[in-house]
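Undergrad: after the sequence you'll find the predicted model.
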Amino acid sequence: LWLLESVGVTMRQITELEFSLLESKISKSSDRIGIDDRSISFLYLMLDALFPRSGEDISSLITDGGHDRGADAVYIQESGGIVHVNLIQSKYAASIKSAKRNFPGSEVDKLVSLIRDIADRSNGLLESVNPLLRQKIVDIWSLIDSGKFLRINVLLVSNGLPLVDHEKKRLDSFCDSYDFVAVEEINYGEVINLLSNDGRENGNGVLDTVDVQKYERVDCDIRGLVANVDAKSYIEMVSTDGFSIKRHLFDENIRGFLGLEGGYNRQIHQSALSDENHLFWYLNNGITIIAKDFTHQKVRGSKIQLTEFQIVNGAQTSYSLLEAYKRNPEKVSEIILLVKIFASSRPDISEQIAIATNSQARIAPRDLKANDAIQKKIAAVFEDNNLLYERKKNQFEISDGRDRIDSLKLGQAILAYRLHEPHLAKTQSDEIFGSMYDRIFSERLDAVYLVRLARLYIFVNSIRETQLIGIRQQDGFDGNNEFVAYTQWYIMYCISLLSKERGFDIPTEEQFESFVQLASAVMSKIANEYRSQSFYRVFRSAKTKELIMNELGLGQLNLEF
């Protein structure tokens, strides 16, 4: 057993069953994305699990390769006036023996050095990193220059053990010096939890109450309980050995928002460790839990037994309390936490509570539309044309050799190609199954058109994936095609204009390659002309449509749909 010195607990090592489960998931991921490199497949798998609501293609986040300075992936999210930069370092242990080792501290030094250089805008930084990472850094600086405040969340992901204690303390010390940086470790235990269940995984738990006073209410098929609980018992319930948060216990609709800041909130953290942490109860909104059932006694110090529960509000509080607990267990044990518990066997009530208690915990619109009649019709059309259409994310886990496209990507393709809104395909993907749904998925769509459009997207994306793999594998600093990570929807838009000019709606499969080459040449010319600017901004802007039309000599087109 590995000893976690900071909190005096032991952490067990990965078992044969758990390792084989993970290997099976990685094999399926490799098969799905068509990449033999198991380290990249593991990284891809984890990015998809950690950021399930991302509108970005996973491959565009990956910066792994030579001269990556420890950043295997970079995910940039804008939220109001803040730019959240997730720096992911992934370590894949290929054998169960190596999975029983700790995360290497020497690798963390690379990330620390990179963060310093990004913050200080060090001379020579852009010349010392690979092209994909270089462009991400340019994107970050551009967003800062636009007035955004920077937040960096470092995610150390592995199927092994976490950092040893002295390395973790060294990293914590760095975060104290750079207060816009937070660190989260996701080791094998949480990796297994995230990947072992395709849907929501509930848990059972116990909470220690503090006061006699509790408020319970019963209405038909729902019960509610409001109570004050001991913070230590809550931390023990939602963490693995008091060390890593059990992400799978958080409602699947807010789980991705743990990634926004790693769930970390510095004010909550400081409040928990302050000499006046008795005020925590008054300053914090508390935790909301939904469960299949709960039991308790109306006596002081009784325990609340929870059956099949999920946390639907309180991700930041949970993670920040855990981080504070690792710093000072005795101090945090003094805290009293307000908890609201709702129990019902009806899933629709649970979903309503999740939405009502947390604006971030909305049901993914795509899932709500998965069984719409038009989605089923599209699936039937694609089935007849030897294509797999995934109405839900990762609906078909095992590949049968057929090309596949999911409903989100098809919606983005329609938005970029048919509706000529490539910038919205990139920036407003959430609205594809929201306000823009009826406009995108119209009964006026022709079956032949849809099939050909899907195959065109698959072709464009396959070329893009090949180019990105080539960029990651190159051993050098020079690069002039890293823009391909940003341009796929503008390529679709450009091909649409070229087709319209030639008098047809969409090229035949025999014409795909020549049209993609023409569109790619246009993207390359625009990228080279605006290389001094951030591709993140250039290829998210409606103005880029005008640049494309000018390059094609088309001017403004009056297109009706």
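TA: Looks like it arrived, so ask away.
Undergrad: and Gln467, how many neighbours?
TA: For Gln467, the tally of surrounding residues (other Cβ atoms under 10 Å) stands at 16. Glycine gets a C-beta too; all of them are placed from N, C-alpha and C.
Undergrad: with Asn480 as the reference, measure out to it.
TA: To Asn480, Gln467 is 12 Å away according to Cβ to Cβ, to the nearest Å.
Undergrad: Ala416 too?
TA: In terms of Cβ to Cβ, Ala416 sits 24 Å off from Asn480.
Undergrad: between these two, which has more neighbouring residues?
TA: Remark: of Ala416 and Asn480, Ala416 carries more neighbours, 26 against 10, as counted by other Cβ under 10 Å.
Undergrad: isn't that one right next to Met492, touching?
TA: Yes - contact criterion Cβ atoms under 8 Å: Ala416 and Met492 qualify, at 4.3 Å.
Undergrad: okay, and the common contacts of these two?
TA: Residues touching both Ala416 and Met492 (Cβ atoms under 8 Å, 6 or more residues apart in numbering): 422, 425.
Undergrad: can you map out the helices along the stretch 101-250 of the chain?
TA: Along the stretch 101-250 of the chain, the segments classed as helices by DSSP state H, counting those that start in this stretch run 105-120, 131-145, 165-177, 188-195, 231-238.
Undergrad: next, the angle from the second one to helix 105-120.
TA: I take that to be helix 131-145. Between helix 131-145 and helix 105-120, the angle formed by their directions is 40 degrees, by axes from the mean of the first three to the mean of the last three Cα atoms, to 10 degrees.
Undergrad: mean confidence (pLDDT) on helix 131-145, please.
TA: For helix 131-145, the mean pLDDT works out to 94.
Undergrad: any idea how far it is from the chain center?
TA: From the chain centre to the centre of helix 131-145 is a distance of 19 Å (Cα atoms, centre = their mean, to the nearest Å).
Undergrad: assign Phe294 to helix, strand or coil.
TA: Judged by DSSP: H, G, I helix; E, B strand; the rest coil, the three-state class of Phe294 is strand.
Undergrad: across the sheet, point out what pairs with it.
TA: Per DSSP bridges, the residues bridged to Phe294 are Leu306.
Undergrad: surely Glu551 meets Ile526?
TA: Yes - under the criterion of Cβ under 8 Å, Glu551 makes contact with Ile526 at 6.7 Å.
Undergrad: between these two, who's got more neighbours?
TA: Between Glu551 and Ile526, counting by other Cβ under 10 Å, Ile526 is the more crowded of the two (22 against 16).
Undergrad: who's in contact with that one?
TA: 538, 544, 547-548, 551.
Undergrad: wait, which of those is closest to Ile341?
TA: Comparing those against Ile341 with Cβ to Cβ places Val538 closest, at 48.9 Å.
Undergrad: excluding chain neighbours, what is closest to that closest one?
TA: The spatial neighbour of Val538 that comes closest, neighbours along the chain excluded (Cβ to Cβ, 6 or more residues apart in numbering), is Tyr530 at 5.1 Å.
Undergrad: now the one you found: how far from Ser524?
TA: To Ser524, Tyr530 is 11 Å away according to Cβ to Cβ.
Undergrad: wasn't Trp281 part of a helix?
TA: Yes - according to three-state DSSP, Trp281 belongs to a helix.
Undergrad: how many neighbours does it have?
TA: 15.
Undergrad: the helices of the stretch 101-250 of the chain: lowest mean pLDDT?
TA: Least confident of the helices of the stretch 101-250 of the chain, judged by mean pLDDT, is helix 188-195 with a mean of 80.
Undergrad: that one packs against which elements?
TA: helix 16-33, helix 38-50, strand 149-158, strand 244-245 (3 or more Cβ pairs under 8 Å, 6 or more residues apart in numbering; DSSP states H and E).
Undergrad: mean confidence for the shortest one?
TA: Rounded to a whole number, the mean pLDDT of strand 244-245 is 75.
Undergrad: partners of it in the sheet?
TA: Neighbouring strands of strand 244-245 in its sheet, by DSSP bridges, are strand 239-240 (antiparallel).
Undergrad: can you give me the helices for the stretch 451-561 of the chain?
TA: Using DSSP H, counting those that start in this stretch, helices in the stretch 451-561 of the chain cover 488-501, 512-529, 535-538, 543-552.
Undergrad: tell me, which of those helices is the model least confident about?
TA: helix 535-538 (a mean of 90).
Undergrad: show me what that one is packed against.
TA: helix 131-145, helix 512-529.
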